[in-house]
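Undergrad: model the structure of this input:
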Amino acid sequence: MKAARAGNDDWPTIPVAPDAIVATQLSALVARSRDQWANNDYVRSFVRLMRQNVVGPLGVTMQAKARTARGKSDKPTNDALEADWTEWGQKGNCDVTGGLSWREVQCLAVVTAARDGEFILRFVYGAAAGPHGFAVQMIDPQRLPVWRSVDRMTNGNFMRHGIEFTPWGRPVAYHFTSTDASDSTWYSVESAGFVRVPADEIIHGYLPEMVGLKRGLPWAASGLLRLRNVEKFEDAAVQNARAAATKMGFIQWKEGYGPELDDDEAINIDAEPLSFHELPMGAEMADWDPLFPSADTGPFLKGQLRGAASGMGVPYNELANDLEGVNFSSIRQMTLDAREHYKEIQQWLIETLIAPVRAAHLSWRLLNGKLLVKGKPVSPDKLATLRAAVAWQPRRWQWIDPSKDVEAALAVIRGGLGSPGQFIREQGRDPETVYREIADDMAAMADAGIPPDVVKFFFKGPAAGNDKPAKAKDAPEGDDSKELAE
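TA: Numbers count the residues shown, from 1 in each chain. You can find the predicted model right below:
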């Protein structure tokens, strides 16, 4: 094949191992990614798109799904679980600094992973953790020295890029240059030693895109060079445009006139609007008319940005804020493709960050008797059951064409090919919460004296024989339906 032939410029012919890529390229990639994030509007747009679409305004929310012995929804336990998690997620409780809410921690994790390729979070317990006795600490991944590797340690493990592994490759500890927030020289001081933190206290999040990859690479890595070229190209175009707007000119001398070559004096004329100047004998003006930026500037920039957007997994039109030439069909397809990518990142965030943090928080609360249901502590024996009794709801988006999408959803439901809960979750809400809201609304409308026909008008009519919505007080004592009605 042509791609395997020799003489293809400097195209590599020897595969590079993941450890070698990380050891030789990660520091430079992170430095340049951070520089572009600080100075390049398109990189900032990419990071914003990831934060906005993966986390969103509410973050990934928890929906407790505990069941009674008869298989019904255990409303008191679910309410207690959700209330306890929500309270912990408030600013001042979940973050060891007290400055971040749980939603902001999620945002910071996604932003750090997109810009640096990875995020690191540590569990903190006890008095230092704050009111709940459990909190998280965000750690700059660059505190984990990428250059520190040991082929075989005295305990039989090995170390790569600051991480200690078993011979099978399971992380057992992270060796940071420092975890002290007051240390401003952590990135360069080796003589100060290292802080060994057990792996069960650390969440190290990155996309494992290669077998054996132990550190994450910036998500925009393949597009960084393009985007920096765009930045430099735009700077040059601006400078050239300013020069063209200034309309400078040069003085040239006819033969036999002008100063001697060794003269230090030169003629300088400051051009001002509506000003006229007299030139010395033998001197004449030579025009200089820069023609750039030209008509090719726009297509060139679009080509560069399209390539970068493809590598970063975001739509070009959103990255560049350019809706020129799009129609409804094309932008709909683009939006649907992008949302599938965001959903994939959301699932990665749930599996890597959110579920492990919730498991650690729940375990701490149960073991310390802090989770109360009807005033009584929940037994730690229920830890495994309650850990599994949860559904995570990431952010979702509005329908692209609401009228047609709603009609399609109703057709799927009525045809038995989908459930109402499926489409409610696609709107970012909990079906059980929506059902309770509908029941409460119907009961409130009936209590207010609204005729049943009007109630039917709003809700498209209940099933025959159920014209009057049931009230919570009508449910028999001890029946699970009372919990649902409440």
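
Undergrad: so where do the helices sit in the stretch 1-150 of the chain?
TA: In the stretch 1-150 of the chain, helices defined by DSSP state H, counting those that start in this stretch lie at 18-39, 41-54, 75-88, 102-116, listed in chain order.

Undergrad: quick one: which of the ones you listed is nearest residue 232?
TA: The closest of these to residue 232 is helix 18-39. By CB to CB, the value is 10.9 Å. Yep, even glycine has a C-beta here, placed from its N, CA and C like the rest.

Undergrad: in that closest one, what counts as buried?
TA: Of the residues in helix 18-39, those with enough neighbours to count as buried (16 or more other CB atoms under 10 Å) are 18, 22, 23, 26, 29, 30, 32, 33, 36, 37.

Undergrad: what residues are up against the third one?
TA: By CB atoms under 8 Å, 6 or more residues apart in numbering, residue 23 lies in contact with 146, 147, 149, 161.

Undergrad: give me the domain ranges for this structure.
TA: Taking automatic domain parsing as the criterion, the chain consists of the domains 16-221+314-394, 222-255+278-313.

Undergrad: please identify the most buried of the ones you listed.
TA: Across the domains of the chain, averaging neighbours per residue (mean count of other CB atoms under 10 Å) puts domain 16-221+314-394 on top, at a mean of 17.

Undergrad: give me the three-state assignment for residue 392.
TA: strand (DSSP: H, G, I helix; E, B strand; the rest coil).

Undergrad: export the helices of the stretch 1-150 of the chain to CSV and append columns for distance to residue 166 and mean pLDDT.
TA: Compiled in CSV, the helices of the stretch 1-150 of the chain are given as follows (distance: least, CB to CB, whole Å; pLDDT from 0 to 100):
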stretch, distance to residue 166, mean pLDDT
helix 18-39, 16, 93
helix 41-54, 32, 94
helix 75-88, 33, 94
helix 102-116, 25, 97
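
Undergrad: with distance to residue 12 added, can I get those in TSV?
TA: Shown next, in TSV, are the helices of the stretch 1-150 of the chain (distance: least, CB to CB, whole Å):
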stretch	distance to residue 12
helix 18-39	12
helix 41-54	26
helix 75-88	49
helix 102-116	25
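
Undergrad: nearest to residue 317, of those?
TA: Per CB to CB, nearest to residue 317 of the helices of the stretch 1-150 of the chain: helix 41-54, 11.2 Å.

Undergrad: just give me how far that closest one sits from the chain centre.
TA: In terms of CA atoms, centre = their mean, to the nearest Å, the gap separating the centre of helix 41-54 from the centre of its chain is 7 Å.

Undergrad: how about low-confidence regions in this structure?
TA: Applying pLDDT under 70 to the chain flags residues 6-8, 185-192, 243-253, 255-256, 258-295, 399-402, 404, 428, 460-486.

Undergrad: could you pull out the strands for it?
TA: For the chain, strands defined by DSSP state E occupy the ranges 61-64, 119-125, 134-139, 158-160, 163-165, 171-176, 195-198, 202-205, 249-253, 283-287, 372-373, 376-377, 390-393.

Undergrad: ok, which of these comes nearest residue 347?
TA: That would be, of the strands of the chain and by CB to CB, strand 390-393, which comes in at 9.0 Å.

Undergrad: for the closest one, packing partners?
TA: Using 3 or more CB pairs under 8 Å, 6 or more residues apart in numbering; DSSP states H and E, the elements in contact with strand 390-393 are strand 61-64.
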